[in-house]
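Asks: curious how this folds, go ahead:
(one chain, ligands or ions: 1)
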Amino acid sequence: MEFAVGGMGPGGWAGAFRLASRRRRAARVAAAVVAGVAAVGGATYYWTQQADSDDDENGSKLDLSEVEINAELGGGGQLALVRSQRQREQVTALLSGSPEGRASLRRRSLAPARSQRLAKSASMARPPSMAALQHPTDASSSKTSVKVDRRFFTTLYRFVRIIIPSARSHEFLVTLGIAATLVARTRLDIWVSDNAGDIVKAIVARDRPAFIRRCIRDISLMMFPMSFVNNVLKLLISLLRVQSRKRLTAYFHEQYLSDQIFFKATNLDSRIQNIDQLLTQDVERFSTTLVNLYSNVTKPLLDVILFSSRLARSLGIKGPVVMIGYFLITSAILRKLQPPFGKLTADEQRLEGDFRLCHSRLITHAEEIAFYGGGLREKIFINGTFDRLLRHLHKVFVARFRIGLLDSILVKYLATIVGYCVVSMPIFFSSGFIRALFQPAFVREVQRSGKAADATDAAMVAEMYTRNSRLLISLSAAIGRLILSGKELTRLAGYTARVSELDAVLADLRKSEADVAPSLLSGQRRAAQEDVELRALMTPGRLVDNVDFVRFENVNIISPDRTLLVKGLTVDAPPGTNVLITGPNGSGKSSLFRVLCGLWPLYGGTLYRPPNDRMFYVPQRPYLALGSLREQVIYPLTTRDMRERGLRDDDLQQLLEQVHLGELSKRRNGWDNVCDWADVLSGGEKQRLAMARLFFHRPQYAVLDECTSAVSLDVEGFLYERARELGITLLTVSHRPSLWRFHEKVLRFDGHSGWSFSDIRPDDIPQVPGANGELVSA
Ligand SMILES: Nc1ncnc2c1ncn2[C@@H]1O[C@H](COP(=O)(O)OP(=O)(O)OP(=O)(O)O)[C@@H](O)[C@H]1O
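Replies: Take a look at the predicted model:
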């Protein structure tokens with residue numbers, strides 16, 4: 001919990017009480033001292049977290065080292081959670097907008113995620129004009145709600161529509177099938193209760209033929225349909241789970257894997273850190289929980305209706321009413337005391353994702369890390385992430401344990417006592433108010449059974465007691481399950497929040513082709529003046545992608561964190577004119593290609609370029625796909641595509657020879673051999689293979705981004721000559737002077753958003769060391 005700090009004044013006290021009254025655990029805050037108050041006029045409230053308190057608004061533990069400027073608290077004020085005096089000073093400085101405040105906050109050694117949250121929070125503290133510079137539909141700026149509220153049901157409905165698109169869909173039929181099977185199962189349960197009553201009655205009355213009839217014949221007959229119904233139910237539920245997952249995964253894959261959204265989601269947008277986990281584990285858990293909830297709610301609902309009507313016949317309507325009334329009160333109590341399981345579930349998934357991400361990063365960069373001897377550092381980092389997950393899980397378990405204790409007492413044991421009382425009322429109380437309530441129905445039941453109306457008949461009492469108690473136990477269990485599925489509902493809310501976050505980000509990325517995604521990197525924290533200027537440069541550009549030349553006209557290159565890299569670029573690269581791009585590190589050379597290939601948004605003027613299928617990109621670290629050697633050369637085509645083009649492995653062999661890799665197919669056991677090519681090839685071999693891929697595709701334009709940096713000079717020259725022979729126009733980024741002679745124009749970036757574009761004259765060609773060390777013209 002928090003207490004206020006700062007100067008004294010009535011506004012702060014009001015804020016303290018307002019905050020306290022919004023929290024159920026406010027009683028504990030009583031221990032916390034409201035120490036300060038903000039200015040009454042400005043009404044800015046600063047709150048500091050008390051070291052021994054543990055809950056934020058949603059009941060989750062706050063990291064005490066965390067600085068968080070949370071949200072607006074009405075009247076233009078902000079709520080800040082700070083702990084130490086130093087943090088308080090920093091937040092105060094930040095909120096007052098002083099440059100020192102921003103600088104000191106930047107210097108803080110916060111973990112990246114926290115820096116991002118801080119930056120996000122800070123942006124909320126800025127004036128509206130600056131905040132508006134954020135992404136227009138910035139879903140991340142508000143924490144995703146993880147409550148069972150209207151918004152949750154609306155979102156859930158949308159996903160259900162994806163899973164069950166129409167009444168004629170397979171999934172709808174399965175859903176109906178489950179409902180029908182559940183009805184059948186409830187009817188069979190009632191039959192079991194009735195039959196149990198009859199068996200007990202036969203035993204008490206020593207009626208052997210009746211016992212044989214009820215126990216042996218009837219159960220032997222009914223066991224087949226009962227077993228069938230139970231297993232059909234399981235089968236249908238599993239089917240629906242798989243189908244739901246299939247539909248949702250197809251829906252997300254459609255969005256994620258088209259229009260290079262997968263690149264934008266991971267490179268241009270920092271809202272989702274572990275998208276792989278969302279697409280795999282979270283979607284699966286969402287589907288499973290949803291389907292489980294459907295069966296866990298439908299069955300008890302049916303049970304409640306059918307068992308109640310059956311019980312009402314023997315105990316009168318008051319029996320089930322007493323039980324249902326008891327459970328309604330119980331569920332209200334449990335609801336009040338239940339921890340925010342939805343939020344806890346969403347947090348758990350996020351932490352699981354972080355942990356997984358650490359491991360996949362380790363696998364991806366294993367070699368580099370091993371060379372650096374970074375094992376210990378990685379171990380500390382991975383263990384730290386795992387510890388965070390464990391701490392969270394521990395918190396969840398404790399929360400479950402606490403509420404589980406209450407659940408068991410209220411839903412199981414006290415409910416049993418109430419149930420037994422209801423069943424035995426007509427037997428023990430034969431006069432007075434209780435009799436008036438229960439006895440008539442009981443007597444009616446006895447009379448209806450055709451026996452003498454003697455309610456004290458032992459066999460009759462035993463039969464009715466057994467049947468009714470079984471029915472009551474089933475009714476209690478059904479209502480209990482309904483109550484407990486409330487918990488499942490909050491868990492579903494957690495998964496829904498995760499999945500809908502993914503949906504929102506993908507939808508934003510699809511929508512905002514020409515807009516920078518709301519990256520929360522620290523670089524976006526700029527002065528207001530700079531932001532306004534930048535905003536003017538960020539007008540969407542025009543793309544003409546059906547011409548056979550490349551031309552940039554007054555284009556601005558702006559990074560996702562809103563840094564202006566190149567301003568007003570105008571460059572003409574007609575076919576046959578190779579352009580070399582140079583400049584300091586980080587000046588925007590590769591970014592030019594990102595804009596050219598449509599990975600980054602186009603701002604400012606107009607970009608003319610051929611369609612994608614006539615351009616090809618060769619990066620410094622070529623991507624080697626899973627598959628055979630053949631598939632590396634022809635990537636992203638398939639073997640079938642290759643055959644359709646009338647090409648054979650011999651043609652590929654020629655290409656490998658052109659890049660001086662002729663031995664590779666033999667060395668690696670032929671064209672069909674599948675292995676992890678990224679691991680088995682050296683850096684230079686990978687780059688040469690990538691050049692063979694370029695020659696295979698033979699595009700009109702090739703974008704070469706330091707793609708021969710690991711290739712020896714002689715082979716590199718040969719590769720560029722070959723590209724020329726094939727009529728491929730090159731746009732090359734390289735720091736190697738040896739490559740100047742293969743180009744006609746040079747584009748120079750100065751690293752301060754300036755640029756120049758000129759012809760390469762023979763005198764311009766830099767001198768490079770020759771074979772004997774002397775300087776010769778490149
Ligand atoms: N996804 C991204 N989000 C934010 N900033 C980025 C992103 N990718 C690149 N940048 C930034 O954009 C700037 C330009 O990057 P770019 O890769 O174009 O540099 P470069 O000129 O090719 O450098 P080098 O010669 O080192 O390869 C760098 O400061 C980099 O940090």
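
Asks: please count neighbours and contacts with C-alpha atoms only from this point.
Replies: Noted.

Asks: quick one: low-confidence residue ranges for the stretch 51-200 of the chain.
Replies: Scanning the stretch 51-200 of the chain for pLDDT under 70 picks out the ranges 51-145.

Asks: and Trp756, what element?
Replies: Check again: residue 756 is Ser, not Trp. strand 755-759 (DSSP states H and E).

Asks: then that strand to PDB, C-alphas only?
Replies: Taking Å, rounded to 0.1, in the frame of the first residue of the first chain, the C-alpha atoms of strand 755-759 are listed here in PDB:
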ATOM      1  CA  TRP A 755      23.500  13.300 -47.300                       C
ATOM      2  CA  SER A 756      25.100  13.800 -50.700                       C
ATOM      3  CA  PHE A 757      24.700  11.900 -53.900                       C
ATOM      4  CA  SER A 758      27.300  12.000 -56.700                       C
ATOM      5  CA  ASP A 759      29.000  10.200 -59.600                       C
END
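
Asks: so in that sheet, which strands flank it, and in what orientation?
Replies: strand 745-749 (antiparallel) (DSSP bridges).

Asks: got the contact list for stretch 410-423?
Replies: Stretch 410-423 is contacted from outside by 315, 319, 322-323, 326-327, 330, 465, 468-469, 472-473, 476-477, 480, using C-alpha atoms under 8 Å, 6 or more residues apart in numbering.

Asks: leaving out chain neighbours, which residue sits closest to Asn195?
Replies: Setting aside the residues directly before and after it, Asn195 is nearest to Arg214 in space (C-alpha to C-alpha, 6 or more residues apart in numbering), at 6.5 Å.

Asks: gap between that neighbour and Ala205?
Replies: Distance of Arg214 to Ala205, given as C-alpha to C-alpha, to the nearest Å: 14 Å.

Asks: what about the two, which has more around it?
Replies: More crowded of Arg214 and Ala205, by other C-alpha atoms under 10 Å: Arg214, with 20 against 16.

Asks: from the ligand, how far off is the more buried one?
Replies: Note on Arg214: its distance to the ligand, by C-alpha to the nearest ligand atom, to the nearest Å, is 74 Å.

Asks: what does Ile261 give?
Replies: Taken as C-alpha to the nearest ligand atom, the span from Ile261 to the ligand is 13 Å.

Asks: what is the neighbour count of that residue?
Replies: 21.

Asks: state the pLDDT value of it.
Replies: pLDDT for Ile261: 87.

Asks: and the residue of the stretch 251-400 of the chain nearest the ligand?
Replies: Residue nearest to the ligand within the stretch 251-400 of the chain: Asn267 (4.5 Å; C-alpha to the nearest ligand atom).

Asks: check the residue nearest the centre of the chain and give its pLDDT.
Replies: In the chain, the centroid-proximal residue (C-alpha atoms, centre = their mean) is Leu278; its distance is 3.7 Å. Looking at Leu278, its pLDDT reads 89.

Asks: just give the closest residue to it, not the sequence neighbours.
Replies: In space, not counting the residues next to it along the chain, Leu278 is nearest to Val499; the distance is 6.8 Å by C-alpha to C-alpha, 6+ apart.

Asks: that neighbour against Gln281, yeah?
Replies: No: using C-alpha atoms under 8 Å, Val499 is not in contact with Gln281, being 10.3 Å away.

Asks: okay, the two: which has more neighbours?
Replies: Counting neighbours by other C-alpha under 10 Å for Val499 and for Gln281 shows that Val499 has the greater number, 22 against 15.

Asks: assumed that one was part of a helix.
Replies: Yes: under DSSP: H, G, I helix; E, B strand; the rest coil, Val499 sits within a helix.

Asks: helix or strand: which one has Val566?
Replies: Using DSSP H and E, Val566 sits in strand 564-573.

Asks: same check on Ser591?
Replies: Assigned by DSSP H and E, Ser591 belongs to helix 589-596.

Asks: quick one: list the elements packing against that helix.
Replies: strand 550-558 (3 or more C-alpha pairs under 8 Å, 6 or more residues apart in numbering; DSSP states H and E).

Asks: is the strand it packs on up against the ligand anywhere?
Replies: No: Strand 550-558 lies apart from the ligand when judged by C-alpha under 6 Å from any ligand atom; the minimum separation is 8.0 Å.

Asks: tilt between that strand and strand 564-573?
Replies: For strand 550-558 against strand 564-573, the angle by axes from the mean of the first three to the mean of the last three C-alpha atoms, to 10 degrees is 180 degrees.

Asks: what residues are up against the residue nearest to Leu278?
Replies: Here Val499 is in contact with 278, 282-283, 286 (criterion: C-alpha under 8 Å, 6+ apart).

Asks: try it again with 7 Å
Replies: Counting by C-alpha atoms under 7 Å, 6 or more residues apart in numbering, Val499 makes contact with 278, 282-283.

Asks: out of those, which sit inside helices?
Replies: Secondary structure from DSSP state H places Val283 of those in helices.

Asks: quick one: mean pLDDT for the strand holding Ser756?
Replies: Computed over strand 755-759, the mean pLDDT rounds to 93.

Asks: and it, how far out from the chain's middle?
Replies: Counting by C-alpha atoms, centre = their mean, to the nearest Å, strand 755-759 is centred 45 Å from the centre of its parent chain.

Asks: over to stretch 392-409?
Replies: Between the centre of stretch 392-409 and the centre of its chain there are 25 Å (C-alpha atoms, centre = their mean).

Asks: for that stretch, buried residues please.
Replies: 392-393, 396, 399-400, 404, 406-407 (16 or more other C-alpha atoms under 10 Å).

Asks: quick one: Phe211 and Val200 touch, right?
Replies: No: judged on C-alpha atoms under 7 Å, Phe211 makes no contact with Val200 at a distance of 8.4 Å.

Asks: skip the chain neighbours and tell me the closest residue to Gln349.
Replies: Closest to Gln349 by C-alpha to C-alpha, 6+ apart is Asp282, at 7.2 Å.
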